[in-house]
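> got a structure for you, letters missing:
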DNA sequence: CACGAGACCTGTTCGC
DNA sequence: TGCGAACAGGTCTCGT
């Protein structure tokens, strides 16, 4: 499910409350104390062992809640508790007496009668408890919405490697937080073909990609993320998709039917007219003769 | 270094 | 209607 805008929405809701879930507003868990908890699917816990986790967690307070890339970071008195939701995870606060939600893999009982629930149908999500969050987050690339991240930085990073744009945007060491939806949306807004080679972009094209990336992420956050299928609920950015999940439907710029190809085993959506591919701009795979 | 395939998992939707 | 295939917001590891 979640990419940067969805994870940002989830983190904000945990910090400030106010996420609408089944018609109810979820509460903030900032400042609450961890009393106990349960791990219902062992492999959801990446680090440390369950026994060490339950030895360390009780008594710590949730002092801060932030997002880095697609990670949610809870800062506790002595540790950091990190969550990655991967494809189908979600994280939210509920009143304690409630029945456990479907696919609950981990929960924390908190002071004030609240409960933090980590639900994850596909079991890909992971949890870490560590004193040093950098051991988990250390390889992430820059935050695309950080004001210190400039178009010149992006140009430099694109030209430091020689890769197709789409897989590069999905590479979390290149930029942190972009996933399949926002990569396709950004490339369309920037009018760049997903197979374009990173080293082929002019400064003007990089400027477009930089602005487009930030624009779609900001718009995603403003709309509380995108809700598709049964997984993440609460956002409505899906109503603004330009290309994602729109195969055969008209491009919003020119009306040409949107096409779908596979790039690095990911479904990739683009407008063949607005995002043309010049032979000189992509890798030549086979040398004749 | 870059790329593709396979793995990790379960649920929903599509096509015949 | 039924049933298997395809597909899904992500990332890691391995082989070429």
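Received the coordinates, thanks. All of these numbers come straight from a predicted model, not from anything done at the bench.
> what parts of the stretch 151-289 of chain A come near DNA strand B?
Neighbours of DNA strand B within the stretch 151-289 of chain A, by CB under 7 Å from any atom of the strand: A:161, A:162, A:163, A:164, A:167, A:168, A:229, A:230, A:263, A:264, A:265, A:283. Placement of C-beta: from N, CA and C, glycine included.
> cutoff 6 Å now
Remark: the part of the stretch 151-289 of chain A in contact with DNA strand B comprises A:161, A:162, A:163, A:164, A:167, A:229, A:230, A:264, A:265, using CB under 6 Å from any atom of the strand.
> in ChimeraX, select just the buried ones from the residues you listed.
Of those, the buried ones can be selected in ChimeraX as follows, counting by 16 or more other CB atoms under 10 Å:
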select /A:163,164,167
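> now the two most distant members of the residues of the stretch 151-289 of chain A next to DNA strand B.
A:162 and A:230 (39.1 Å; CB to CB).
> look up the residues forming beta bridges with residue A:259.
Bridge pairing for residue A:259 (DSSP bridges) gives the partners residue A:270.
> where does residue A:108 land in three-state SS?
Here residue A:108 is strand, with the state taken from DSSP: H, G, I helix; E, B strand; the rest coil.
> low-confidence regions, the stretch 1-150 of chain A specifically.
The stretch 1-150 of chain A contains residues with pLDDT under 70 at A:1.
> hmm, try it at 80
A:1, A:97-98 (pLDDT under 80).
> and it, which of its residues are near DNA strand B?
Near DNA strand B, when you scan the stretch 1-150 of chain A using CB under 6 Å from any atom of the strand, you find A:43, A:121, A:122, A:123, A:124.
> the third one and residue A:85 touch, don't they?
No. The pair residue A:122 and residue A:85 fails to qualify as a contact (CB atoms under 8 Å) at a distance of 10.2 Å.
> can I have the buried ones of the residues of the stretch 1-150 of chain A next to DNA strand B as a ChimeraX selection?
Burial among those is assessed by 16+ other CB under 10 Å; the matching ChimeraX selection reads:
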select /A:121
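> farthest pair in the residues of the stretch 1-150 of chain A next to DNA strand B?
Checked with CB to CB, those reach their widest spread between A:43 and A:121, with 14.1 Å between them.
> DNA strand C next: which of the residues of the stretch 151-289 of chain A next to DNA strand B are close?
If you filter these for contact with DNA strand C, counting by CB under 6 Å from any atom of the strand, you are left with residue A:229.
> so which of the residues of the stretch 151-289 of chain A next to DNA strand B are in helices?
Within these, membership in helices is found for residue A:167, as judged by DSSP state H.
> what is the nearest of the residues of the stretch 151-289 of chain A next to DNA strand B to residue A:13?
Within those, the smallest distance to residue A:13 is 19.2 Å, found for residue A:230 (CB to CB).
> how close does that closest one sit to residue A:102?
Applying CB to CB, to the nearest Å, the value for residue A:230 to residue A:102 is 10 Å.
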